[in-house]
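A.B. asks: Fold the stuff below for me.
(2 chains)
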Amino acid sequence: MTATPDTAPVQRWTVPFHRLYRAELRWIFRRPRTLIVLGLLALIPVIIGIGLTLAGDSGPSPDDPGGRESLLPVAAGNALVLPLAVLGFTLNLLLPLIAASSAGDALAGEAATGTLRGLMLAPVSRGRLLLVKASGVATFTLAATLLMSLVAMATGLVLNGADSLFTLSGNTLTLVDAIGRVALAVVWVTLQLWAVAAVALAVSACTEHPMLVVVAMLAGVIVSSVLLLLSAVDWLHPVLLPRSWMAITDILRDPVPADQLGEGAIRAVCYIVIGLSLAYARLSTKDG
Amino acid sequence: MTGLLPVGAPVTGAPTDGPALAARTRGLRKVYRTAVAVDQVDLDVPEGAVLGMLGPNGSGKTTTIRMLLGLVRPTEGEVELLGRRMPDGAGRALPHVGALVEGPGFHPFLSGRENLRRIATAEPRLPSAAIPRAVDDALERVGLAHAAHRRYRAYSLGMKQRLGLASALLVPRRMVVLDEPTNGLDPAGTREIREIIAQLHAEGVTVLVSSHLLAEVEATCTHVAVLYDGTVVAQGELDELLESGTPALEVSTPDGAGALSALRDNRIAARLTPDGVRADLTVATAPRVIEVLVRAGVAVHEAKRARTGLEDLFARLTQRDAHGAGLPDVDEGTS
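C.D. replies: Sure thing, here's the model as predicted:
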């Protein structure tokens, strides 16, 4: 424990946030399961793209331009629709699941291995701990949606060429415009996932079982989706997060109708605030 | 003054007298739902001491340590660590405290070195540039340098324990808290831990080590606190505690019966032991005992002052407690 002058222990009470954040990212992205999940997510658009091409679908002729049906038939032969179709498709279940499992690992998983105690003893205050953990989960979910849409975009361009960028309204977009639309979709979907992850973090702070977090969030998403189908509880619909998830199709219209997308974004922000508040309330009184 | 403070003794009477305290608790109580884990614990950890916290499993050692470190908020009572009220002062006190609590916690998919680096990034007193060096030094110190690159998953129980110890030693500390540090270690590993504790003690670091192994505490500590059933039944300097029993002389002789009658003829209380007799020294002196035996023609092979073993002390304390409070007899803790 001989310390040389330049590396001698310093009198300091907190570690700079970026140092903790970098260490958190290193931990997340070195974890084998993170890499496996990202690999699988990258595979999905390729499989769907090839599948649609092989199926030889009729191409971009949506019979029902106003409807909110599956984008998949449209995605065949359209390099713009494939990323959005894949995002919309996975937002229903797979992406929330991945966000929840990441949030589950962040607190419950670390509590299970006893490593959360190590951080608390360093000490990292409970508030900073939550901030670091939430930032890590947020970065991971952003990386997941970004990776998937990049691969989808590339797959679409390879299979269909750059001249296949039609909107659902029938206009052809330049590549730059198309990238802008996909970026908008990535941001919006990521925001929805952060909402899921924030609530998942609150659950994660209450347990030592990451699986429980995943199951709880899965149940939440499924129950919400079912309730949204029941008009008897339509007074409940405005507070259900998946209510606006179908609105991702709107990004493919000209001009982009902002009402549903905006409402969905506001709802997500509310979920994030509530979820993180609950997580902090639990974490700050939790026994380490 | 025996240094033996029974339950309810006036520890709180003069808490600020004597040496400075690295940590102290007053009237500490923790209740988990219906179970009382710790009750009325007044613990003093003098600065620079090696305090062994002794007690059977479930006696409240770990709960007390967790409250001391601010991991758990006490139901009642107050905790002070390095002069800071816990848990609210954790941000100021903990950077100077290294701790291994409830076994080592690390990620199985990372190597020992990577695990330590992760903990090191959270250490406020370590500048970023010093992290690699501090990690390697700590690994070296606990004898894990050769296995630093191996995944934690592949570590043996003893190696895991050492890595936990290394994380407590990443930065020079004012106090080190070790909860059952020798769990799972072989005799050689146990000896190394003792050496590390001795080194820390020599550097002036206060060490709090909990254990259910009596010999371990006897060999490494300057002070002892005995916990039983959630309360401190005795605490003080180890030597004082050990001498607090009745003084006696152990005489080894083949003629135990002859020795016994000779001593009793001279009004010296004694009783038979497997090796000979044990003479009470409250009235007679040791030379007098020997003299009586030699005059009586009893062959004396060896005579030595009986030190109350920690084991005896522990049995006495907990038995007294058992009789006093009507609790069942203790049968654990004397391994």
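
A.B. asks: contacts, neighbours, all on C-alpha from now
C.D. replies: Will do.

A.B. asks: Which stretches in the stretch 1-150 of chain B count as strands?
C.D. replies: Counting by DSSP state E, counting those that start in this stretch, the segments of the stretch 1-150 of chain B that form strands are B:21-32, B:35-41, B:44-46, B:50-54, B:76-81, B:84-86, B:97-100.

A.B. asks: Among the ones you listed, which comes closest to B:Glu218?
C.D. replies: Comparing the strands of the stretch 1-150 of chain B by their distance to B:Glu218 (C-alpha to C-alpha), the top pick is strand B:50-54, with 8.2 Å.

A.B. asks: So which other helices or strands are in contact with that closest one?
C.D. replies: Judged by 3 or more C-alpha pairs under 8 Å, 6 or more residues apart in numbering or on different chains; DSSP states H and E, strand B:50-54 is in contact with strand B:206-211, helix B:214-220, strand B:223-228.

A.B. asks: let's see it at 6 Å
C.D. replies: Judged by 3 or more C-alpha pairs under 6 Å, 6 or more residues apart in numbering or on different chains; DSSP states H and E, strand B:50-54 is in contact with strand B:206-211, strand B:223-228.

A.B. asks: got the contact list for it?
C.D. replies: Residues outside strand B:50-54 that contact it (C-alpha atoms under 6 Å, 6 or more residues apart in numbering or on different chains): B:206-212, B:217, B:221-227.

A.B. asks: By neighbour count, which of these wins?
C.D. replies: Counting neighbours by other C-alpha atoms under 10 Å in any protein chain shown, B:Val207 leads the contacts of strand B:50-54 with 30 neighbours.

A.B. asks: beta partners for it?
C.D. replies: Counting by DSSP bridges, B:Val207 forms beta bridges with B:Val50, B:Val176.

A.B. asks: give me every residue that touches it.
C.D. replies: B:Val207 neighbours (C-alpha under 6 Å, 6+ apart): B:50, B:175-177.

A.B. asks: So which residues on chain A come close to chain B?
C.D. replies: Proximity of chain A to chain B (C-alpha under 6 Å from any C-alpha of the partner chain) is limited to residues A:1, A:7, A:9-15, A:113-115, A:122-123, A:287-288.

A.B. asks: Buried subset of those, written for ChimeraX?
C.D. replies: The buried subset of the residues of chain A next to chain B, as determined by 16 or more other C-alpha atoms under 10 Å in any protein chain shown, is captured in ChimeraX by this line:
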select /A:1,7,9,13,14,15,114,115,122,123,288
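
A.B. asks: Taking the residues of chain A next to chain B together, which two end up most distant?
C.D. replies: Greatest spacing in these, by C-alpha to C-alpha: A:Thr7 and A:Asp287 (33.6 Å).

A.B. asks: can you give me the helices in chain A?
C.D. replies: Secondary structure of chain A by DSSP state H: the helices cover A:17-30, A:32-55, A:72-75, A:81-91, A:94-104, A:110-113, A:115-121, A:126-160, A:175-204, A:210-229, A:258-285.

A.B. asks: now for the third one, which elements pack on it?
C.D. replies: This means helix A:72-75. Secondary-structure packing of helix A:72-75 (3+ C-alpha pairs under 6 Å, 6+ apart): helix A:81-91.

A.B. asks: Tell me what angle the helix it packs on forms with helix A:126-160.
C.D. replies: 140 degrees (axes from the mean of the first three to the mean of the last three C-alpha atoms, to 10 degrees).

A.B. asks: Give me the contacts around helix A:81-91.
C.D. replies: By C-alpha under 6 Å, 6+ apart, the list of residues contacting helix A:81-91 from outside reads A:71-72, A:75, A:149, A:152-153.

A.B. asks: Just the buried ones among the contacts of B:Val207, please.
C.D. replies: By neighbour count, with 16+ other C-alpha under 10 Å, those hold B:50, B:175-177 as buried.

A.B. asks: Can I get the residues you listed in CSV including pLDDT?
C.D. replies: Below are those laid out as CSV (pLDDT from 0 to 100):
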residue, pLDDT
B:Val50, 94
B:Met175, 95
B:Val176, 95
B:Val177, 95
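
A.B. asks: and the contacts of helix A:81-91 as JSON lines, adding distance to A:Asn160 and neighbour count?
C.D. replies: Below are the contacts of helix A:81-91 laid out as JSON lines (distance: C-alpha to C-alpha, whole Å; neighbours: other C-alpha atoms under 10 Å in any protein chain shown):
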{"residue": "A:Leu71", "distance to A:Asn160": "16", "neighbour count": "18"}
{"residue": "A:Leu72", "distance to A:Asn160": "15", "neighbour count": "18"}
{"residue": "A:Ala75", "distance to A:Asn160": "10", "neighbour count": "25"}
{"residue": "A:Ser149", "distance to A:Asn160": "16", "neighbour count": "25"}
{"residue": "A:Ala152", "distance to A:Asn160": "12", "neighbour count": "30"}
{"residue": "A:Met153", "distance to A:Asn160": "10", "neighbour count": "25"}
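
A.B. asks: Sort out which one of these lies nearest chain B for me.
C.D. replies: Closest approach between the contacts of helix A:81-91 and chain B, by C-alpha to the nearest C-alpha: A:Ser149, at 29.1 Å.

A.B. asks: tell me the contacts of the closest one?
C.D. replies: Listed by C-alpha under 6 Å, 6+ apart, the contact set of A:Ser149 reads A:Pro83.

A.B. asks: OK, contacts around the residue most central in space within chain A?
C.D. replies: For chain A, the residue sitting closest to the mean C-alpha position, by C-alpha atoms, centre = their mean, is A:Leu193 at 3.6 Å. Residues near A:Leu193 by C-alpha under 6 Å, 6+ apart: A:Pro96.

A.B. asks: Check the gap between the residue of the stretch 101-250 of chain A found nearest chain B and B:His107 for me.
C.D. replies: Ranked by C-alpha to the nearest C-alpha, the top residue of the stretch 101-250 of chain A for proximity to chain B is A:Gly114, at 4.2 Å. According to C-alpha to C-alpha, to the nearest Å, A:Gly114 stands 9 Å off from B:His107.

A.B. asks: ditto for A:Lys286
C.D. replies: Relative to B:His107, A:Lys286 is positioned 21 Å away (criterion: C-alpha to C-alpha).

A.B. asks: Residues of chain B that sit close to chain A?
C.D. replies: So chain B meets chain A at B:71-72, B:94, B:105-106, B:122-126, B:130, B:137 (C-alpha under 6 Å from any C-alpha).

A.B. asks: shaky segments in the chain?
C.D. replies: All of this is about chain A. Along chain A, segments meeting pLDDT under 70 span A:1-7, A:56-70.

A.B. asks: That was the other one, I meant chain B.
C.D. replies: Residues of chain B that meet the criterion pLDDT under 70 lie in B:1-19, B:244-246, B:307-309, B:318-335.

A.B. asks: Run through the helices of it in chain order.
C.D. replies: B:61-68, B:90-93, B:112-121, B:131-141, B:157-168, B:187-202, B:214-220, B:238-243, B:256-265, B:286-295, B:310-325.

A.B. asks: what does the fifth one contact?
C.D. replies: In this case it means helix B:157-168. The contact list for helix B:157-168, computed with C-alpha under 6 Å, 6+ apart, reads B:98-100, B:104, B:138-139, B:142, B:184-185.

A.B. asks: Can you tell me which of those has the most neighbours?
C.D. replies: Among these, the one with the most neighbours (other C-alpha under 10 Å) is B:Ala99, at 29 neighbours.

A.B. asks: next one: phi and psi at B:Asn183?
C.D. replies: Torsion angles at B:Asn183 (phi, psi; degrees, to the nearest 10) stand at phi -50, psi 130.

A.B. asks: same question, A:Gln11
C.D. replies: phi -90, psi 100.

A.B. asks: In contact with it, which residues?
C.D. replies: With the criterion set at C-alpha under 6 Å, 6+ apart, A:Gln11 makes contact with B:Arg125.

A.B. asks: Kindly report the same for A:Leu142.
C.D. replies: Contacts of A:Leu142 by C-alpha under 6 Å, 6+ apart are A:Thr190.
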